[in-house]
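Engineer: predicted model follows, preceded by the sequence.
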Amino acid sequence: MFKDVFCLFLTAHLLGDFYLQTKTLAEKKNKQFCYVVYHALIYALASMLCMLPFCSVILCSVFTGLSVCHFIVDTIKYCIIKTSRFIMKPTIYLVDQAIHLVLIAMGAFFFVSWGKTLTMVHVLDRFLIPLTDNPMAIFRWIGAVLFIHKPTNITIKGLLMGSRAQSDMEQNQKQIGAYIGTLERIVILFFFSIDEFSAIGFVLTAKSIARYTEINNHIEFAEYYLMGTLLSAFFMFMGYFIFIL
């Protein structure tokens, strides 16, 4: 039960902190406090949307607590960014997300420790039961796909920030590369879930063949490509073990 609750809270976080937060809002949030408040309201809305299929007073209380904690963490991050010019953005981002994950795990632990369970509203449960014996599995797959798309692309970009190969790539190439990476992770996730491990090798091989000329002619790009591929695979496996397994 802890895993189901954790996945639900994490899915709400992904929606509120990534999909409902534009790049412009993320940049403004670091400069003006009013946008921190605005983002907090959007985050709370995402939490409430994820709560609706499991409408519960206790669940609403925990989601509210997590939303307040998220606002406090973002406020502290805003103050740090405003007062310090020497902390690198990728470091702030990674520490920020790590703190949010710890808070989400604590929220899930408290919910389960109170002896509560996730109970889907009757109407939705009756609609999903003919499709699957485990309706929660549908929400887990949604969370997994959300995890391996935008959050993973942003994290990989932050981890590779400053590399020479990345700075030489044009913006549209970066965008295309991000979508290719997402499709690659979705395909590998599917093959991994049905135990078709050999097919994963074909996906990675096809990707390498498409980039063979750049890999062969530019050592910086080869290093960038290898690191990006390894990080992409790492986050795919992380999404699988968190949401699917």
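Structural biologist: Here it is on my side, so go on.

Engineer: ok, longest helix in the chain?
Structural biologist: Among all segments of the chain classified by DSSP state H, the helix with the greatest residue count is helix 57-83.

Engineer: now find how far off-centre it is within its chain.
Structural biologist: Centroid displacement of helix 57-83 relative to its chain, using C-alpha atoms, centre = their mean, to the nearest Å, is 17 Å.

Engineer: I'd say residue 49 and residue 15 touch.
Structural biologist: Yes: shown here, residue 49 and residue 15 form a contact pair, counting by C-beta atoms under 8 Å, at 7.2 Å. C-betas here are computed from N, CA, C, even on glycine.

Engineer: look up phi and psi at residue 41.
Structural biologist: phi -70, psi -40 (degrees, to the nearest 10).

Engineer: residue 200 touches residue 188, doesn't it?
Structural biologist: Yes: applying C-beta under 8 Å as the test, residue 200 and residue 188 come out as touching, 5.2 Å apart.

Engineer: more neighbours: the two, which one.
Structural biologist: Here residue 200 and residue 188 are set side by side on neighbour count (other C-beta atoms under 10 Å), and the busier one is residue 188, at 22 against 18.

Engineer: please give the element, helix or strand, for the more buried one.
Structural biologist: With secondary structure defined by DSSP states H and E, residue 188 is part of helix 171-193.

Engineer: now do the buried residues in the following helix or strand past that helix.
Structural biologist: Moving toward the C-terminus from helix 171-193, the first helix or strand encountered (DSSP H and E) is helix 197-210. Neighbour counts over helix 197-210 (16 or more other C-beta atoms under 10 Å) mark 200, 207 as buried.

Engineer: which one of residue 49 and residue 15 has more residues nearby?
Structural biologist: residue 15 (21 against 14).

Engineer: next one: the residue lying farthest from the centre of the chain from residue 225, what distance?
Structural biologist: Taking C-alpha atoms, centre = their mean as the measure, the residue most remote from the mean C-alpha position of the chain is residue 217, 33.5 Å away. When C-beta to C-beta, to the nearest Å is the yardstick, residue 217 and residue 225 sit 12 Å from each other.
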